[in-house]
Structures are given as C-alpha cells and as structure tokens.
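> next comes the sequence, and after it the predicted model I'd like to discuss.
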Amino acid sequence: MTTKGAVARFWRLHLVTATLLMFATAAFAVSGKGKYGPHAAPDLDKFPVNPDGTVSVIVQLAPGTPPGQVKQFARSINQNLTGIGAVAANVPVKMLEKLLSNGWVTYVSPDRPNKPSWGDAPPPVNAEVARQNYGVNGTGIGIAVIDSGVYPHDDLMTADMKASRIVYSESFVPGDLSTNDAYGHGTHVAGILAGNGHDSGYGSGYANQYVGIAPNANIINLRVLDQNGGGSDSAVIAAINRAVQLKGQYNIRVINLSLGRNVYESYTLDPLCQAAEAAWKAGIVVVTAAGNLGRDNSWGEQGYATIQAPGNDPNVITVGAMSPLGTWTRTDDIVSSYSSKGPTLLDHILKPDIMAPGNKITSLLVPGSRLAAMAPSNAMVTSRPTTICDVATDATSCNASVGTQYLQLSGTSMATPVVSGAAALMFQKDSKLTPDTIKARLMKDAWKGYPSHGKSWAHDIKQRSYEAQYDAFTIGSGYVDIQASLADNTVINGGAASPTVVFNATTKTAKLVNGLSVVWGQSMVWGQSAVFANSVVWGQFTVDLDSSVWGNSVVWGQFGTDACSMVWGQSVVWGQFSDELNALSSDDPGDTDDTAPDPAAAVVAVSSTPDPTATPAPAPTDPTAVPAPTDPTAPVTGGAL
C-alpha cells in the first residue's frame, strides 16, 4: 500500500469508527419505557458504566432545588449546569433508583458523547456582494464557537495583524485546560465564520482567496471536543451557559454548534436542547448542524428522520448541506448526499430549516492537528505561491514561505457557520433584531428555485448513485440568501419555532401544526400570518387550504412498515450503520468532485420515482437544467471567497 493510500484508509477508518461509536446498533424506546421509569432517559440502563461503578448523568432539577441535593447520591459532581437547572454528576448504579425516587428530580439522562458534524471535505461561501452593498463585515459582533478549540491562525487576526479576534478562550474538556485546537475542526469552522483571508493573499490579486462570511467578527472560543473530536453533553451545556453569561461583555449574538448526537427523547426533555433554548431565550441565535446521515437507509427510510440533537429543537436554526459543484452560481448546486433529513424523531419537527454550501469547503488548517495528519493530500490547500511579498503587512522581504494554510472538509458542520455568519451580518446591520426575526427572515428569504416536488440522481465520489430529494424534509425553506435577508425589514412579534408535522397513516398525508415551544409557547408565525404564510416560507411545496403539506412519494407512499415506524413511530430505533451509509470514501472525501461540474450529477426533472435500491446508469444531461446566467443578487459560491 502506498503512503497516500495508507493515510486515506486511516482517514476513512477513523471516521467510520467515529460514526459507529456515535450511532452504534441499539434500540431505545420512547421516554418512560426504560428500566428506571418515566423520569429517566430510555438509554440510561444501557449506558456504559465507568470503572468505579458509576454512570455519568445529567440530573434536571425541579425549580428552586439547590444543586447540592444531588451530592448525597453522587460520587462526584462534574458540573453545575445552572443555565438549565441541572447538575452533571457521576452516580453509582446502585444509587440511581434512590436518586430518581425524589420529587425534586424531573429527569435524568446520560451525559452522552458528542461528535463534530462533518463528513469529509469543501470552499467557503462568498457573501462579498452582500457585505459591499450593506457595509457589514461582522465588526463588533461576537460569535461563540463551541467546538474543538480555535487555533490562533493569521486569518483570525485583525486587519493590521496587531491583535487576535479570538477575544476569549476557555476549555470545558475534563482534565485539559488547553484552548488550542488539537483536533482541527473548530478552527476550520471559525475560518468559515470569520476568516479574513490574510494567508490567501486577500486583496493582493491572487486567484485563490478564502474569506469567511463575517471576516471582522470576534470569536469566543469555547472548547468542548477533545483531540479526537469527542465530547460530552455536560461540556457543551456548560459552554452554552458560559456564552450566555458572557453575552454582554463580548456582544455574543450567535452560537455555532457544528456538532451533534442521536436523538433519544423529546427535545422538551433533552438537556442539550434545553440549553440551546435557554440561549435563544437570552437573545442569542443558536445555529446547529443537521447531521450527516442522509445516506442512511437502515430501515428503508432513505435518510429521513436522521436529524441530530440539538438540531431537533424547534427554536434553533438547523442547517443542511448543499454541494456547490465548484461554480459561482446556485442554480446547479445539489443536495449533499450525507445531509440529514427530517422530520425529527419523536417530536416530528419539520427540519432542516435552511441549506448552505457544505461540500468541500476550504478553510483554516491547524498545523499538527489530528485532521491535518489524517487528511489526504488532495484535501490540503496552498492558496498562493510559497514565496510572496506579504502586502498585508508591508513586508520588505519576498522570500517568506507561506506553505499550506488551508484544508478542505465536508459536512453539515461546514454549512452551519455559513448561516451563523449571515446572522452576524444581520445583527451588525440592526442590533435590535431578535433571534426569531433573524430566523424568520433567513427562512422567508431563502432561495426557493428548486424543482417543485423534484428529485434527481447524483453520485458520490465512489460513483455510488443516490436520489437527491427536494422536499421540505430535505431542504427546509431553501438555500440561504444573505443578500435577500439583509434587504428584508420584516419584524415579527412572537416565536418562530419550526412547525410540527402530523402524519395521517390512512390517507398518507401530513399537516403542519404550529409548534409548542418550551420558550415561547404557541407560535403563530408560519400558519396564520399573511406575511409568513406557509407558501412564502416553504416556497414551492404545496400547502393547500386545510394546511396539508405535500411530501414526496418516497416519504408518503413507498415506505415499508419498518421505515414508517422509524419516521413516524413513537420509538427510536437505530439500525446497523455500514460503510455504505456514511459520507466517507477511501480516496478523496466528499461527494462528486467540486472542481468541475459533473453532468451526471446535475439536477434533472424527474416525474417518476426510481427504485431506491437500484443503481441506475448516470442520468443524461438535461438541456432544460442548464444553469441560468448568474444572478448578481445571488449568494456567490465557489473557490474565491
């Protein structure tokens, strides 16, 4: 095996292992069906026991209960999660029933592991037209990056290179106080959010320039993932709570969560979702990754019902991934094969909310990080000559070596900061905006030029065929349009919770119901308002007079019993995730190569539904699907940011 092949194989096997650890074969009943009763998570009795005989749990307390109450039942207290009225602790297995017998305990769940939501490799989105038109670049806005840490890359310095825009750093990784990014994921995310392109020669005339969406925003670095990209619920919750505490000091208006895990209970009980809602209530927009399980067909569900927590919460903005195909126009972009689809398990919330480019995004590299060591050579990017006069700092020497400063990654992790950056620009333009207005504008103004009820056949890097859907459960309200959202002056009074979908198994139809939000109560945004009527928010997805929403035939008509149980049932069941179901490859990570459009992957109108188990020949290029001329008001995507 060649060195390149060995590295590529290690890259692939590592991520397959991570996926299997995260989505191991298991079956979990709805809350209340587990060994410990209705106030315990259904997976508590199956959660790994620590070597000292304890289980790491999060104990949610009744209002007014002192956190110290838990001490008498715990061997150790790991975190006081005051933001959601909870305590993270290690409790002996034999004490769990005694703990749960107390009336002041409302819910006990395992302190579950979290992983970054990325699948492979991509270029950051160009919002330059919007920035120029409105004179915004994120100045003064703080964005909390809750991830694997942020490395002090040149592109995260101020324009004069005299100060870092990483204005606060703290680690929540147990036993590791370092806030650097040993894994390399959080820095990549931060670059998409706020990289200023310094090391790519931005402004110097060089072709490859990589600039984030809000290139002068400040980064609040809250590290929760370790050197292997793993973390726990309690660490993420503690970091969210810290972001809320620091909101005033650093003007934190956005939290970016490019991470997630399986859904095990309703969002109303999930402590991770409750922490996200607490931040939303505090006036911070929370943007989360949808997940990378769009290829999962374990139960014949074609990737539906695979949204991860906390993206299953109705208040947060949940982002799916598109493949830009290496062009500057959005009309040829296709849904990334790995992007998770709704509805959410158990609660049946309509997700994702919006889409953004996520496939093969080029952003910041951390030298010596685990991802840098594992990445195949064609995912490493040197964006300018290795000998260059550094015009940004008026260097007199032209012999300084720049080297490789950028890396390609793919996944909904990479799409999430695109939307977070858009929210930061909107806050800079109007600091009085609420999280609900931000969410409503982004969804209302999203580009909705997809084929009505359309599908297409596309291919991943291994040339495996998959069916790209364009229904509300796959692309939500459409493709983020930063220019349009900045131009929108609509203000809402009330919540913007994503609606619940109610499925009628007899008629195989579904209705949108205004969601019950823990924070805001009943939201009337989507259904009853003339401005936010369903047809405006959801675009071409048919919503008739009785509020029925049309899904595609795969969702409603062709599911087997297992698939229907998976998508619409009241239990959580996970199948065996194999190599064929994750978004990885043994060579170049990602979907079809974005360096040039693949005619076989172009969106084509399909009126019938092919057999999802078949592997069809590449679809011929449809002349009616040729991209229209570039719209100057469209969000620009491609290699030069």
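Okay, I see it.
> rest of the way, CA atoms for contacts and neighbours
Fine.
> quick one: list the elements packing against the host helix or strand of L193.
Here L193 sits within helix 185-194, counting by DSSP states H and E. Helix 185-194 sits against strand 142-147, strand 218-223, strand 361-364, helix 412-429, with contacts defined as 3 or more C-alpha pairs under 8 Å, 6 or more residues apart in numbering; DSSP states H and E.
> mean pLDDT lowest for which of the ones you listed?
For those, mean pLDDT drops lowest on strand 361-364, to a mean of 88.
> who are the packing partners of the next helix or strand after that one?
Sequence-wise, the next helix or strand downstream of strand 361-364 (DSSP H and E) is helix 370-374. For helix 370-374, the packing partners by 3+ C-alpha pairs under 8 Å, 6+ apart come out as helix 3-22.
> what sits up against the helix holding L193?
Contact partners of helix 185-194, identified using C-alpha atoms under 8 Å, 6 or more residues apart in numbering, comprise 116, 124-125, 138, 145-151, 155-156, 181, 211-219, 229, 258, 363-366, 371, 407, 413-414, 417-418, 420-421.
> check stretch 273-281 too.
With C-alpha under 8 Å, 6+ apart, stretch 273-281 has contacts from 83-84, 237, 240-241, 243-244, 267-268, 285-286, 309-310, 312-313, 315-316, 435, 518-519.
> filter those down to the ones in helices?
With DSSP state H as the criterion, helices contain 237, 240-241, 243-244, 435 from among the contacts of stretch 273-281.
> including neighbour count, pLDDT and distance to P110, could the residues you listed go into JSON lines?
Formatted as JSON lines, the ones in helices among the contacts of stretch 273-281 follow (neighbours: other C-alpha atoms under 10 Å; pLDDT from 0 to 100; distance: C-alpha to C-alpha, whole Å):
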{"residue": "I237", "neighbour count": "28", "pLDDT": "97", "distance to P110": "13"}
{"residue": "I240", "neighbour count": "27", "pLDDT": "98", "distance to P110": "18"}
{"residue": "N241", "neighbour count": "20", "pLDDT": "98", "distance to P110": "19"}
{"residue": "A243", "neighbour count": "28", "pLDDT": "98", "distance to P110": "23"}
{"residue": "V244", "neighbour count": "23", "pLDDT": "98", "distance to P110": "24"}
{"residue": "P435", "neighbour count": "25", "pLDDT": "95", "distance to P110": "30"}
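> sorry, back to before: so which of the helices and strands packed on helix 185-194 is nearest K439?
helix 412-429 (8.4 Å; C-alpha to C-alpha).
> could I get that closest one in CSV with only the CA atoms?
The C-alpha coordinates for helix 412-429 follow below in CSV (Å, rounded to 0.1, in the frame of the first residue of the first chain):
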residue,chain,number,x,y,z
THR,A,412,-23.3,20.0,7.7
SER,A,413,-20.6,21.2,10.1
MET,A,414,-19.3,23.4,7.3
ALA,A,415,-22.7,24.6,6.2
THR,A,416,-23.6,25.7,9.8
PRO,A,417,-21.1,28.6,10.1
VAL,A,418,-22.3,30.0,6.7
VAL,A,419,-25.7,30.6,8.4
SER,A,420,-24.1,31.7,11.6
GLY,A,421,-22.0,34.3,9.7
ALA,A,422,-25.1,35.5,7.9
ALA,A,423,-26.8,36.1,11.3
ALA,A,424,-23.8,38.1,12.5
LEU,A,425,-24.0,40.4,9.5
MET,A,426,-27.8,40.9,10.1
PHE,A,427,-27.1,41.8,13.7
GLN,A,428,-24.4,44.3,12.7
LYS,A,429,-26.9,45.9,10.3
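> before we move on, back to that, so for the helix holding L193, mean pLDDT?
94.
> can you check stretch 152-171 too?
95.
> now the closest residue to P310 other than its chain neighbours: which helix or strand?
Distance criterion C-alpha to C-alpha, 6 or more residues apart in numbering; nearest residue to P310, sequence neighbours excluded, is C273 at 5.0 Å. According to DSSP H and E, C273 maps onto helix 271-281.
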